[in-house]
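Asks: Just the structure for this:
(chains A and B)
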Amino acid sequence: MLNTPKNEKLIEAKGLTKHYGDFVALAGIDFAVHKGESFGFLGPNGAGKSTTMRIIAATLTRTSGDICILGKDPAERGPEIRAHLGVVPQQDNLDQALSVTDNLYIYGRYFGLSKKFLRAKIEELLDFAQLTEKRDVKVETLSGGMKRRLTIARALISEPEILMLDEPTTGLDPQARHILWDRLFRLKEQGVTLLLTTHYMDEAEQLCDRLMVMDNGAIMAEDSPQGLIKKYSTKEVLEVRFGSEKNAGVSDQLKEMCERIEVLPDRILMYADDAEHVLEEIRKAGLHPVTSLVRRSSLEDVFLRLTGRSLVE
Amino acid sequence: MITSAAVAIAEARIGKTGESIYSGRARTILERSYLAFRSSTWIVVATGFLEPVLYLISFGFGVGKLIGNIEIAPGHSVSYAAFIAPALLATSAMNGAIYDATWNVFFKLKFDRVYQGMLATSLGPLDVALGEIGWALLRGLLYAIAFMSILGVGGLITTPWALLAIPCALLISFGFAAVGMAVTTYMKSFEQMNIINIVLLPMFLFSGSFYPLSIYPGWLQGFVKCLPLWHGVALIRSVSLGIFTTGLIPHILYFVVMIVGGLFFTTRRLTALFMR
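Replies: Here you go, the predicted model:
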């Protein structure tokens, strides 16, 4: 670790595109991932996150543009690049016919690792994934959280430099998510570069040093979670409700009191650095909201501003 | 940079032929099948083997009583049971290979996503194709050996040359496993998978397994001679009676083409499905 430059780029993409017939999944994106950082792709369904991940993992070929992973082109050096990566796919693809231990063992064998090396490594990973007690059971009997932990342990069998996680906590209950976040945080501390996609803002805030917000195959913004909030939102947000009929009526009057306003069917969001002050002004103007809430701006505000509120399915 | 063992192993393949599709570790796929097989039940394996044995008993020893001897070549005449035995051996080899290469592959492909997991490692699609086809042919070989022992017990092995039927069965298994897996990778639904069964049963019944082709009109003989099982039956029938002529070469070539073609299309299809 001592000799590696801090800003060593592990992954660099320039003008990366992917077309499926007429459909443009990636419209020419540029990004770089540095050694030891945890980098998140954030975006709604169909934004191009998984496509980008699969191109990096050398299991999808790009249409045009350049991408370099540890100095190698995935279209030419697929097997070598995959030897550097640990992949945790969106849908579990554990081997249902095998036990927990055998899943780890055979995955190591796929990489060509020796039985002796794997014996010790498997013990270490069972402990890491908190699955030592479940070592001999078939994977189909595991809970969702256990399966996900096993998938992560399996991805670590080859001691990868980059761990790629596609929506790692989708479908898990809150307890299982927190255990998983804790495990991923430990990996980050050990210097593993994490690359993840998510559409959970709390997850992005918890785990990522740097985020890339994507929509329709393009990059909308890129920064640290705090940086994004600073750049695309105000410090605080005031949420007021006047009842669904009146909301639209008062919006013209409220617009003057804050930096930005968003009128939703059920409430009005007012963006300002001092939301308490805005609330006072509303009261001074003789308006009486049914409910009001002052809160800090969150990544979710940034996300919705950048990718819109309309539902994409 | 400290390179991990996995990276060192992958880098050692640089410059070797087919490095992007083959890592030289097809045996790890066989190892996986063995691990999965250890915990499966023997009943499933046994039933596949039983089918040709039942045919041998009912047709060979039952119907055979009514038929008498059959002349298979000038001067060569054998009992009906001995006539159909090589055909059933070829069918055993085919069935064993087909079970694993079609239905089992289909489930791994569609539901378990096993291949996706394998291809996320430094393995290539040819490793997966070779490993899976290799496992399927092992089952065909196992059936063939088991069936051969039944023939021995039933007194249907008359010459030591008959043991050469085993390597022939291996060739037949390999051919059917390769083509079976290739075809399965193109299948989308259970309905389509049933087409495989619809093709195999008539091929078994009408490929000269139970009577000589000479009873067909000329055009039909020509058609049957295009089918793979007919080549398998003819090959094993000749070899197990110790008849060796240049006429066996086309049979062998037929299966070599099946093997090469099956491997090629399976590899290509796995690449298209999971790596493109």
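Asks: CA atoms for contacts and neighbours, from now on please.
Replies: Noted.
Asks: Could you pull out the strands in the stretch 101-250 of chain B for me?
Replies: Using DSSP state E, counting those that start in this stretch, no strands are found in the stretch 101-250 of chain B.
Asks: what's the burial count for residue 194?
Replies: You didn't pick a chain, so chain A it is. Residues near A:Leu194, counting by other CA atoms under 10 Å in any protein chain shown, number 26.
Asks: ah, I was thinking of chain B
Replies: Neighbour count for B:Asn194, taken as other CA under 10 Å: 12.
Asks: cool, the one 3 residues further on as well?
Replies: Counted with other CA under 10 Å, residues neighbouring B:Asn197 total 12.
Asks: Kindly report the same for the one 3 residues further on.
Replies: Using other CA under 10 Å, B:Leu200 is surrounded by 15 other residues.
Asks: what do you get for the one 5 residues further on?
Replies: Under the neighbour criterion other CA under 10 Å, B:Leu205 is assigned a count of 11.
Asks: List the buried residues in the helix or strand containing B:Leu66.
Replies: When elements are assigned from DSSP states H and E, B:Leu66 belongs to helix B:64-67. Using 16 or more other CA atoms under 10 Å in any protein chain shown as the test for burial, helix B:64-67 gives B:Gly64.
Asks: what's the offset of whichever helix or strand comes after it from the middle of its chain?
Replies: Counting by DSSP H and E, the next helix or strand C-terminal to helix B:64-67 is strand B:70-73. Here the centre of strand B:70-73 is set off from its chain's centre by 27 Å, with CA atoms, centre = their mean, to the nearest Å.
Asks: mind listing what's buried in stretch A:163-181?
Replies: Residues A:163-169, A:172, A:176-177, A:179-181 are the ones in stretch A:163-181 that count as buried (16+ other CA under 10 Å).
Asks: For the helix-or-strand element of chain B with minimal mean pLDDT, which strands pair with it and how are they oriented?
Replies: Scoring the helices and strands of chain B by mean pLDDT, DSSP states H and E places strand B:70-73 at the bottom, with a mean of 78. Paired strands of strand B:70-73, with direction, are strand B:76-78 (antiparallel) (DSSP bridges).
Asks: Can you name the next helix or strand after the partner strand?
Replies: Past strand B:76-78, the next helix or strand by DSSP H and E is helix B:80-99.
Asks: In CSV, list the C-alpha atoms belonging to that following helix.
Replies: As requested, the backbone C-alpha atoms of helix B:80-99 are provided in CSV (Å, rounded to 0.1, in the frame of the first residue of the first chain):
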residue,chain,number,x,y,z
TYR,B,80,-32.7,-61.2,-32.7
ALA,B,81,-31.5,-60.3,-29.2
ALA,B,82,-28.0,-60.0,-30.5
PHE,B,83,-29.2,-58.0,-33.4
ILE,B,84,-30.9,-55.3,-31.3
ALA,B,85,-28.4,-55.3,-28.4
PRO,B,86,-25.8,-53.0,-30.2
ALA,B,87,-28.6,-50.7,-31.1
LEU,B,88,-29.8,-50.5,-27.5
LEU,B,89,-26.2,-49.9,-26.4
ALA,B,90,-25.9,-47.0,-28.8
THR,B,91,-29.3,-45.7,-27.5
SER,B,92,-28.0,-46.0,-23.9
ALA,B,93,-25.1,-43.9,-24.7
MET,B,94,-27.3,-41.4,-26.4
ASN,B,95,-29.9,-41.3,-23.6
GLY,B,96,-27.3,-40.8,-20.9
ALA,B,97,-25.7,-37.9,-22.7
ILE,B,98,-29.0,-36.3,-23.6
TYR,B,99,-30.4,-36.3,-20.1
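Asks: For the helix holding B:Leu66, give me every contacting residue.
Replies: Residues from elsewhere that reach helix B:64-67 (CA atoms under 8 Å, 6 or more residues apart in numbering or on different chains): B:Ser79, B:Tyr80, B:Ala81.
Asks: residues touching the second one, list them.
Replies: What that stands for is B:Tyr80. Counting by CA under 8 Å, 6+ apart, B:Tyr80 has contacts B:Gly60, B:Gly64, B:Ile67, B:Gly68, B:Asn69, B:Ile70.
Asks: Quick one: neighbours of the closest residue to chain A within the stretch 1-150 of chain B, just the number.
Replies: Chain A sits closest to B:Ser122 of the stretch 1-150 of chain B, with a gap of 4.2 Å, by CA to the nearest CA. B:Ser122 has 28 neighbours, counted by other CA under 10 Å.
Asks: Could you do the one 5 residues further on as well?
Replies: Other residues within reach of B:Asp127 by the criterion other CA under 10 Å amount to 24.
Asks: correct me, but it touches B:Ser20?
Replies: No. Using CA atoms under 8 Å, B:Asp127 is not in contact with B:Ser20, being 10.7 Å away.
Asks: Number of residues surrounding the residue nearest to A:Ser99 when sequence neighbours are not counted?
Replies: Closest residue to A:Ser99 apart from its sequence neighbours, by CA to CA, 6 or more residues apart in numbering or on different chains: A:Lys138 at 4.1 Å. A:Lys138 sits with 18 neighbouring residues when counted by other CA under 10 Å.
Asks: Now A:Lys138: phi and psi?
Replies: Dihedral pair for A:Lys138: phi -70, psi 150, per degrees, to the nearest 10.
Asks: would you list every one of the helices in chain A?
Replies: Secondary structure of chain A (DSSP state H): helices located at A:49-56, A:78-84, A:100-110, A:115-128, A:144-155, A:174-189, A:201-207, A:225-232, A:247-255, A:275-284, A:299-307.
Asks: ditto for the stretch 151-276 of chain B
Replies: B:165-185, B:190-206, B:218-224, B:228-240, B:248-274 (DSSP state H, counting those that start in this stretch).
Asks: Return the most buried member of those helices.
Replies: Mean neighbour count (mean count of other CA atoms under 10 Å in any protein chain shown) peaks for helix B:165-185 among those, with a mean of 26.
Asks: Give the rounded mean pLDDT of that one.
Replies: Taken as a whole, helix B:165-185 carries a mean pLDDT of 96.
Asks: which other helices and strands contact it?
Replies: Where contact means 3 or more CA pairs under 8 Å, 6 or more residues apart in numbering or on different chains; DSSP states H and E, helix B:165-185 is packed against helix B:80-99, helix B:105-107, helix B:125-153, helix B:228-240, helix B:248-274.
Asks: could the ones you listed be laid out in CSV, adding distance to A:Lys188 and mean pLDDT?
Replies: Converted to CSV, those look like this (distance: least, CA to CA, whole Å; pLDDT from 0 to 100):
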stretch, distance to A:Lys188, mean pLDDT
helix B:80-99, 46, 92
helix B:105-107, 36, 93
helix B:125-153, 32, 93
helix B:228-240, 57, 94
helix B:248-274, 29, 96
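Asks: wait, which of these is closest to A:Leu131?
Replies: Nearest to A:Leu131, of all the helices and strands packed on helix B:165-185, is helix B:105-107, at 27.1 Å by CA to CA.
Asks: how about the closest one: buried residues?
Replies: Neighbour counts over helix B:105-107 (16+ other CA under 10 Å) mark B:Val105, B:Phe106 as buried.
Asks: same check, this time on stretch A:142-154
Replies: By 16+ other CA under 10 Å, the buried positions in stretch A:142-154 come out as A:Gly144, A:Gly145, A:Met146, A:Lys147, A:Arg148, A:Arg149, A:Leu150, A:Thr151, A:Ile152, A:Ala153, A:Arg154.
Asks: wait, doesn't the last one sit right on A:Tyr110?
Replies: Right, A:Arg154. No. Assessed by CA under 8 Å, A:Arg154 is found out of contact with A:Tyr110, at 11.3 Å.
Asks: Can you tell me which of the buried residues of stretch A:163-181 is nearest B:Thr184?
Replies: A:Asp166 (28.5 Å).
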